[in-house]
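Engineer: I need the structure of the sequence given here:
(one chain, ligands or ions: 1)
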Amino acid sequence: MSAALQAAPALARPSLVPARSFPGAPLRAGTRASPLALAQTRRVLAALGVAPGEAQPVPMQTSGDAEQRRRLADLGGKGLFAKEIHEALLDGRVAFAVHSLKDLETELPPGLVIAAVLPRADARDALVLAPGCPPEERRGPLPGLPSGARIGTASARRMAQLRHLRPDLRFGLLRGNVQTRLRRLEEGDHAATVLAMAGLQRLELEARAARPLSTMEMLPAAGQGIIAVTARAGDSATRARLAGIDHSPTHLAARAERAVLAALDGSCRTPIGAHASLTPDGALHLEALVAREDGSFLLRRALRGAPADAERLGAALGASLRADSPADLFA
Ligand SMILES: NCc1[nH]cc(CCC(=O)O)c1CC(=O)O
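Structural biologist: As a prediction, this is how the structure comes out:
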């Protein structure tokens, strides 16, 4: 190895070399290291139209990734998957970072902003059956899901909605990245699970979905199907570049859905769903729900208004749900 190559690792040490101090260096894009996160980062880089070598994904292990068995609730929730990435961004070790919007806490750390979102993919959840579990012919809610089936999930939102419609179902904990969950389904621990259509599609695994669940059957999480790019609030050059790929209809939906979360201020285990869409006549239609994890309580409401009022609509719908829900859901 030449002396020049041997010298390279020292120069590349991320903690010593803030991206912003080397204008000609590759754009560093922070991301989790999961296959889904990397696929999403490639989409952002493709949208930016960067030349080969002009940008570089920087995969990072997060506290959330390190913990595979316990429920997120026991650990402190959403922020876990983003904390290290936010720190890298604030420190200048990466120029921007790519996230699944639904995993991003409602209030970002001071100094960070959502600089762009990509056009939303399918926001729905999908029913995924274990290989040996043929869809059952049955009448009533959630057709195709066998009576008494054991569902694997770690999502309070999915569990609450399934239980509310189908008290016969049983539940077990199933977490990990998408591939891990599919593998554990094959191992026979669970009859079925529910995964986001968007994640399955981005991993080219949508053939594993028995069918998408309608938003009436299963209201998605706020931000589901949306890839978000964070940047430093004060980095106007990066923000301007990211603004070029921002999809404004998706950004409006994101604002409305996240305003619901902010108004509800639930714990990370409170089952909450929120989904906004633009109607053909140009209005913003917002649906949201709050539930109890055991499905014994579920309140769902919708509101319609002008897209420019996205945040106010979300706040109003969140406040209305909160006013009519048991107070202990928001402890
Ligand atoms: N919590 C994990 C997570 N975060 C984002 C997605 C899917 C992609 C998306 O919603 O944009 C998934 C997997 C899943 O819920 O099935």
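
Engineer: Is A315 within a helix or a strand, and which one?
Structural biologist: helix 310-323 (DSSP states H and E).

Engineer: List the contacts of the spatially most central residue of the chain.
Structural biologist: Centroid-nearest residue in the chain, with CA atoms, centre = their mean: K102, separated by 2.7 Å. By CB atoms under 8 Å, 6 or more residues apart in numbering, K102 lies in contact with A196, P220, A221, A222, G223, Q224, I226. From N, CA and C alone the C-beta is placed, and that goes for glycine too.

Engineer: what about the closest residue to R138 other than its chain neighbours, helix or strand, and which?
Structural biologist: Nearest residue to R138, sequence neighbours excluded (CB to CB, 6 or more residues apart in numbering): S147, at 6.6 Å. Assigned by DSSP H and E, S147 belongs to neither a helix nor a strand.

Engineer: got a list of what S147 touches?
Structural biologist: By CB under 8 Å, 6+ apart, S147 lies in contact with E136, R138, D168.

Engineer: And for L303?
Structural biologist: L303 neighbours (CB under 8 Å, 6+ apart): H285, L286, L313, A316, L317, S320.

Engineer: Mind doing that once more with 7 Å?
Structural biologist: L286, L313, A316, L317 (CB atoms under 7 Å, 6 or more residues apart in numbering).

Engineer: and what of L145?
Structural biologist: Neighbour list for L145: L127, R166, A192 [criterion: CB under 7 Å, 6+ apart].

Engineer: shaky segments in the protein?
Structural biologist: For the chain, applying pLDDT under 70 flags the ranges 1-24, 64-79.

Engineer: show me where it has helices.
Structural biologist: 3-12, 35-48, 63-66, 72-75, 79-90, 156-165, 178-186, 197-202, 236-243, 248-264, 310-323 (DSSP state H).

Engineer: Skipping adjacent residues, who's closest to the residue nearest to the centre of the chain in space?
Structural biologist: Take K102 and drop its neighbours on the chain: the residue closest to it by CB to CB, 6+ apart is G223, 4.0 Å away.

Engineer: Show me what from the stretch 101-250 of the chain comes close to the ligand.
Structural biologist: Within the stretch 101-250 of the chain, the positions adjacent to the ligand are K102, D103, V178, L195, A196, A198, G199, Q224, G225, I226 by CB under 6 Å from any ligand atom.

Engineer: Return the residues in contact with the residue of the stretch 101-250 of the chain at minimum distance from the ligand.
Structural biologist: Per CB to the nearest ligand atom, G199 is where the stretch 101-250 of the chain lies closest to the ligand, at 3.1 Å. G199 sits next to L36, V178 when contact means CB under 7 Å, 6+ apart.

Engineer: now with 10 Å?
Structural biologist: Listed by CB atoms under 10 Å, 6 or more residues apart in numbering, the contact set of G199 reads 34-36, 39-40, 100, 102, 121-122, 125-126, 177-178, 181, 205-206, 224-225.

Engineer: Now, of those residues, which are buried?
Structural biologist: In terms of neighbour count (16 or more other CB atoms under 10 Å), the buried residues within these are 34, 36, 39-40, 100, 102, 121-122, 125-126, 177-178, 181, 205-206, 224-225.

Engineer: Among those, which lie within strands?
Structural biologist: Counting by DSSP state E, the part of the buried ones among the contacts of G199 found in strands is S100, D125, A126.

Engineer: Does the last one touch G225 like I think?
Structural biologist: No - using CB atoms under 10 Å, A126 is not in contact with G225, being 11.4 Å away.

Engineer: and for the two, which residues touch both?
Structural biologist: With CB under 10 Å, 6+ apart as the test, A126 and G225 both reach A196, M197, A198, G199, Q201.

Engineer: Switch those residues over to JSON lines; also include distance to I85.
Structural biologist: Listed next are the shared contacts of A126 and G225 as JSON lines, based on distance: CB to CB, whole Å:
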{"residue": "A196", "distance to I85": "20"}
{"residue": "M197", "distance to I85": "24"}
{"residue": "A198", "distance to I85": "20"}
{"residue": "G199", "distance to I85": "18"}
{"residue": "Q201", "distance to I85": "23"}
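
Engineer: Which single one of those is nearest to F330?
Structural biologist: Among the shared contacts of A126 and G225, A196 lies closest to F330 (CB to CB), at 25.2 Å.

Engineer: okay, now the closest one: neighbour count?
Structural biologist: Here the number of neighbours of A196 (other CB atoms under 10 Å) works out to 25.

Engineer: Please name the residues that touch L289.
Structural biologist: The contact partners of L289, by CB under 10 Å, 6+ apart, come to 157, 160-161, 164, 219, 260, 271-275, 298-302, 317, 321, 325.

Engineer: Give me the buried subset of these.
Structural biologist: 157, 160-161, 164, 219, 260, 271-275, 298-299, 317, 321, 325.

Engineer: hang on, the earlier thing: including distance to A231 and neighbour count, could the contacts of L145 go into TSV?
Structural biologist: Below are the contacts of L145 laid out as TSV (distance: CB to CB, whole Å; neighbours: other CB atoms under 10 Å):
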residue	distance to A231	neighbour count
L127	36	22
R166	43	18
A192	39	24
